[in-house]
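Participant: Sequence first, then the predicted structure:
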There are 2 protein chains.
Amino acid sequence: MDFKNMGSTRVCVVTDKNVAKLDAMRQVVEALTREGVDFTVYDGTMVEPKDSSIKDAIQFSKAYGPDAFLAVGGGSVIDTAKLMNLYTKFPNADFLDFVNAPLGKGLPITKALYPLVAVPTTAGTGSETTGTAIFDMVAMKAKTGISHRGLKPTLGICDPLNTRTMPSAVHASSGLDVLCHSLESWTAIPYQSRTPRPENPISRPAYQGANPISDIFSLQALRSTAKYLPRAAKDPDDHEAQSEMLLAATLAGVGFGNAGVHLCHGMSYPISGQNPGYKHAGYVTDKPIIPHGVSVAVTAPAVFKFTAASNPERHLRAAEAFGVDISSVKRESAGDVLAEALSKFLVELGDQPRGLKALGFGGGDIDTLVEGTLPQKRVLNLAPGLSEEVNEEREQLRGLYEDAMAY
Amino acid sequence: MDFKNMGSTRVCVVTDKNVAKLDAMRQVVEALTREGVDFTVYDGTMVEPKDSSIKDAIQFSKAYGPDAFLAVGGGSVIDTAKLMNLYTKFPNADFLDFVNAPLGKGLPITKALYPLVAVPTTAGTGSETTGTAIFDMVAMKAKTGISHRGLKPTLGICDPLNTRTMPSAVHASSGLDVLCHSLESWTAIPYQSRTPRPENPISRPAYQGANPISDIFSLQALRSTAKYLPRAAKDPDDHEAQSEMLLAATLAGVGFGNAGVHLCHGMSYPISGQNPGYKHAGYVTDKPIIPHGVSVAVTAPAVFKFTAASNPERHLRAAEAFGVDISSVKRESAGDVLAEALSKFLVELGDQPRGLKALGFGGGDIDTLVEGTLPQKRVLNLAPGLSEEVNEEREQLRGLYEDAMAY
């Protein structure tokens, strides 16, 4: 009915082969049929999409010629739908035109895209609220993406009935993504410190730095995650906790979608891209997989120990969200206290690798991990305490990876 | 520059005669001139606008034929600009077509309006965030408005430098509007309870009832207002408090703009419309005036004493924002405790009428005040504890006005 109101007559429904079997998709098909809206279904989305799978999806959508998109799935599906929308609206653009610099040209999106309605079936990415889409550039062995507020979905329909179908391991790992979204955006450099300031507002990055509005979303999402994620991951029938986690994911999405993420996310891209063969428990796949949430959380204790010096108060307030009594903690101990709280939280959540070693990484991998992190400028620029001088930055990242080997 | 990015070439700048002299307007004129954007300035906006002044403004804008609007001023200016935008986009519509039912037809807005950029110069209405515009229908002796999310400004530029020009009395009364926006939206009926549920999402009212997202905004705005309004009103050089109040106004705007307001606002319309001759201290005008913020706050102690039974926990958390230790307060006392906290806050703020008597109203006015309140269905529908049966509702409103005579 929303599509009819928007004047849409030809909808490209984007999903993946697992979600295609779920009740959420059955309802979508029923509703579109009932309203007499023409539609087609693309179910070829890949989990953790690659540039090749994105290009296949774009080709499909260009051939269909839709005037609206509907994404039903997790972050991979919603991100893919964003890019199908973008390149269907700009059919003559080169793929690299909009990809984040330095890998692509990072051009701004100058026209309004087609309406995109996003129906999340996981409680993690918050992609229904953001202008970001992430994928692997296989030839460059790098995770990158496209970030511009023009990519944001028109409408997100967040119904906790649609996340009940998540397996417990997906609850846990998608919830860890929420944890890091909220912690990273809450501790990102303040919006006034971001440089260089663009000449024209249209060139503002999607990620602005922590600001008074994103703070409200990030802190609330952090508190909810600390409280409800353990329950949501452990008990498949705890629908209150699951509903709260879907809300937290959306709140965190708004928070990080304008403040940004930093080190956990920047380091996660080479971690998942250079996976030495780890296969996370509870994921039904025949290939090695480090779920995105796992790859961001595994460095969290090391990261926040490092960033705490930049703003001890914020790190202490984060520790407080995990139930730590901070009344007598010294500012200098903020990093240790938060790292300790995070380690305890991850261990108690269960089934989490206790550091990079548990994923199969060793000291010999640090150099390539660091080199895979350095190009993630878009997020590293928001990391508090990280040097702007590249050699010093390299040393700092090396220290972070070493510290993240085990917690 | 934002207008150029939006492709706008002909901008109608909306302001009033006071704001036209301020630095904010000087900067606007400079920027538009520098960017080479054609523009004209309409400075005929009335404070607390009437349908006649709105119609004059619409006529001006239709004749100019702009493709974008820029509002520089307080709520009256921004609301007027919203309506100029609406009726310039729908030039053949009858004025009553979009006016809220039952006074108008309350039709939904089915097309995207022209871009509207709002630059608030007061910290009160939050109008830069909402889809609501309020005015007097003089012939009907009623305040009403138009509410639809399609009216929302495209962009709000909230710069605390622009609110430094407010006189102290305007700081106080616009801040009281923020106080009531946040308290009313925090205590409005929950979104699941709102009936009837519309058949089509486009017919959803702008005011949805309290929901988990609006709650975050409303509660944060309430806490900020309790903390910073007294400082902002008392010390013209307390720029931190003034900045925090502008942020609180915007947050409260997002909160009430989707949750809604209820009794303080519903009762304020007849109070200001039937003003027996009160002229608020610090307002430079030769006519009687009850500033909007004063007219909403004057009933607040009576209102929240009445609504507390519907949700004592929320009323206690509100009292906590004013520094009340609620650890040993019983649920049954929530209303008295919050009313007491509000009275104390208003008295300490200074220069506030201690009830309707101080405005010149007496017991003989209650009938006409009640009759002027009953048509405010749009907001009364969100009032917790108010009867749906009109005779009982009338008695409840009578009781509220009696209680609001003095605090």
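Facilitator: All right, it came through fine. Residues are numbered from 1 along each chain as shown, chains lettered A, B, ... in the order given.

Participant: mind pulling up the phi and psi values for A:Phe39?
Facilitator: Main-chain torsions, A:Phe39, degrees, to the nearest 10: phi -160, psi 160.

Participant: Contact partners for it?
Facilitator: Applying C-beta atoms under 8 Å, 6 or more residues apart in numbering or on different chains, we find A:Phe39 in contact with A:10-13, A:29, A:32, A:70. For the C-beta atoms, the positions are set from N, CA and C on the backbone; glycine is no exception.

Participant: In those, find the pair that's most separated.
Facilitator: A:Arg10 and A:Val29 (15.2 Å; C-beta to C-beta).

Participant: Could you list the buried residues of the strand or helix carrying A:Leu338?
Facilitator: Using DSSP states H and E, A:Leu338 sits within helix A:334-349. For helix A:334-349, a neighbour-count test (16 or more other C-beta atoms under 10 Å in any protein chain shown) marks A:334-343, A:345-346, A:349 as buried.

Participant: Turn those residues into CSV, including pLDDT and distance to B:Gly362.
Facilitator: Listed next are those as CSV, based on pLDDT from 0 to 100; distance: C-beta to C-beta, whole Å:
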residue, pLDDT, distance to B:Gly362
A:Ala334, 97, 60
A:Gly335, 97, 64
A:Asp336, 98, 66
A:Val337, 98, 61
A:Leu338, 98, 61
A:Ala339, 98, 66
A:Glu340, 98, 65
A:Ala341, 98, 61
A:Leu342, 98, 63
A:Ser343, 98, 68
A:Phe345, 98, 62
A:Leu346, 97, 66
A:Leu349, 96, 65
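
Participant: if you skip the residues just before and after it, what's nearest to A:Thr130?
Facilitator: What sits nearest to A:Thr130 in space, not counting adjacent residues and going by C-beta to C-beta, 6 or more residues apart in numbering or on different chains, is A:Gly257, at 3.5 Å.

Participant: For chain B, tell me which of the contacts of A:Phe39 show up nearby.
Facilitator: Residues of the contacts of A:Phe39 in contact with chain B (C-beta under 8 Å from any C-beta of the partner chain): none.

Participant: quick one: which of those sit in helices?
Facilitator: Among the contacts of A:Phe39, the ones falling in helices (DSSP state H) are A:29, A:32.

Participant: Could you turn the buried ones of the contacts of A:Phe39 into a ChimeraX selection?
Facilitator: The buried subset of those, as determined by 16+ other C-beta under 10 Å, is captured in ChimeraX by this line:
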select /A:11,12,13,32,70
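
Participant: And for A:Gly65, the neighbour number?
Facilitator: For A:Gly65, the count of nearby residues is 10 (other C-beta atoms under 10 Å in any protein chain shown).

Participant: That one contacts A:Val11, correct?
Facilitator: No. Taking contacts as C-beta atoms under 8 Å, A:Gly65 lies outside contact range of A:Val11: 11.3 Å.

Participant: Just give me the residue right at the centre of chain A.
Facilitator: Using C-alpha atoms, centre = their mean, the residue of chain A that lies closest to the mean C-alpha position is A:Thr125, 4.4 Å off.

Participant: That one: what secondary structure?
Facilitator: What DSSP: H, G, I helix; E, B strand; the rest coil gives for A:Thr125 is coil.

Participant: Would you confirm that it contacts A:Gly74?
Facilitator: Yes. At 6.4 Å, A:Thr125 and A:Gly74 qualify as touching, with contact defined as C-beta under 8 Å.

Participant: overlap in contacts of the two?
Facilitator: Contact criterion C-beta under 8 Å, 6+ apart; residues shared by A:Thr125 and A:Gly74: A:Ser174.

Participant: Distance to B:Gly364 and pLDDT for the contacts of A:Phe39 - can I get that in JSON lines?
Facilitator: Output for these, formatted as JSON lines (distance: C-beta to C-beta, whole Å; pLDDT from 0 to 100):
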{"residue": "A:Arg10", "distance to B:Gly364": "64", "pLDDT": "96"}
{"residue": "A:Val11", "distance to B:Gly364": "61", "pLDDT": "97"}
{"residue": "A:Cys12", "distance to B:Gly364": "66", "pLDDT": "97"}
{"residue": "A:Val13", "distance to B:Gly364": "64", "pLDDT": "97"}
{"residue": "A:Val29", "distance to B:Gly364": "64", "pLDDT": "95"}
{"residue": "A:Leu32", "distance to B:Gly364": "60", "pLDDT": "94"}
{"residue": "A:Leu70", "distance to B:Gly364": "60", "pLDDT": "97"}
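
Participant: so where do the strands sit in chain A?
Facilitator: Per DSSP state E, chain A carries strands over the ranges A:10-14, A:38-42, A:68-73, A:116-120, A:132-137, A:142-147, A:155-156.

Participant: Out of these, indicate the one that is most buried.
Facilitator: Using mean count of other C-beta atoms under 10 Å in any protein chain shown, the stretch among those with the greatest mean number of neighbours is strand A:68-73 (a mean of 28).

Participant: Enumerate every residue touching the residue in the stretch 201-350 of chain A positioned nearest to chain B.
Facilitator: Closest to chain B within the stretch 201-350 of chain A is A:Ile202: 4.5 Å, counting by C-beta to the nearest C-beta. A:Ile202 makes contact with A:108, A:110, B:1-2, B:5, according to C-beta under 8 Å, 6+ apart.

Participant: same deal with A:Thr129?
Facilitator: A:152-153, A:156, A:250, A:253-254, A:257.

Participant: Next: A:Met84.
Facilitator: With contact set as C-beta under 8 Å, 6+ apart, A:Met84 has these partners: A:12, A:14, A:42, A:57-58, A:60-61, A:69.

Participant: how near is it to B:Pro108?
Facilitator: A:Met84 sits 30 Å away from B:Pro108, going by C-beta to C-beta, to the nearest Å.

Participant: Hmm, A:Ile134 is touching A:Thr80, no?
Facilitator: No. A:Ile134 lies out of contact with A:Thr80 (C-beta under 8 Å); the separation is 10.2 Å.

Participant: Format the strands of chain A as TSV; extra columns: distance to A:Ser193.
Facilitator: What follows is the strands of chain A, written out as TSV (distance: least, C-beta to C-beta, whole Å):
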stretch	distance to A:Ser193
strand A:10-14	37
strand A:38-42	42
strand A:68-73	34
strand A:116-120	31
strand A:132-137	21
strand A:142-147	19
strand A:155-156	30
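
Participant: Those: lowest mean pLDDT?
Facilitator: Comparing mean pLDDT across the strands of chain A, the weakest is strand A:142-147, with a mean of 87.

Participant: who does that one touch, helix- and strand-wise?
Facilitator: When contacts are defined as 3 or more C-beta pairs under 8 Å, 6 or more residues apart in numbering or on different chains; DSSP states H and E, strand A:142-147 sits against helix A:75-89, strand A:132-137, helix A:263-273.

Participant: now that strand and strand A:132-137, what's the angle there?
Facilitator: For strand A:142-147 against strand A:132-137, the angle by axes from the mean of the first three to the mean of the last three C-alpha atoms, to 10 degrees is 150 degrees.

Participant: what is the orientation angle of strand A:142-147 with helix A:75-89?
Facilitator: Following the same axes, to 10 degrees, one obtains 60 degrees for the angle between strand A:142-147 and helix A:75-89.

Participant: Which strands border strand A:142-147, and is each parallel or antiparallel?
Facilitator: strand A:132-137 (antiparallel) (DSSP bridges).

Participant: Send me the strand it pairs with as PDB with only the CA atoms.
Facilitator: Coordinates of each C-alpha in strand A:132-137 appear next as PDB, following Å, rounded to 0.1, in the frame of the first residue of the first chain:
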ATOM      1  CA  THR A 132      26.000   2.800   3.500                       C
ATOM      2  CA  ALA A 133      26.400  -0.400   1.500                       C
ATOM      3  CA  ILE A 134      29.400  -2.700   2.100                       C
ATOM      4  CA  PHE A 135      30.900  -5.400  -0.100                       C
ATOM      5  CA  ASP A 136      34.200  -7.100  -1.000                       C
ATOM      6  CA  MET A 137      36.200  -5.900  -3.900                       C
END
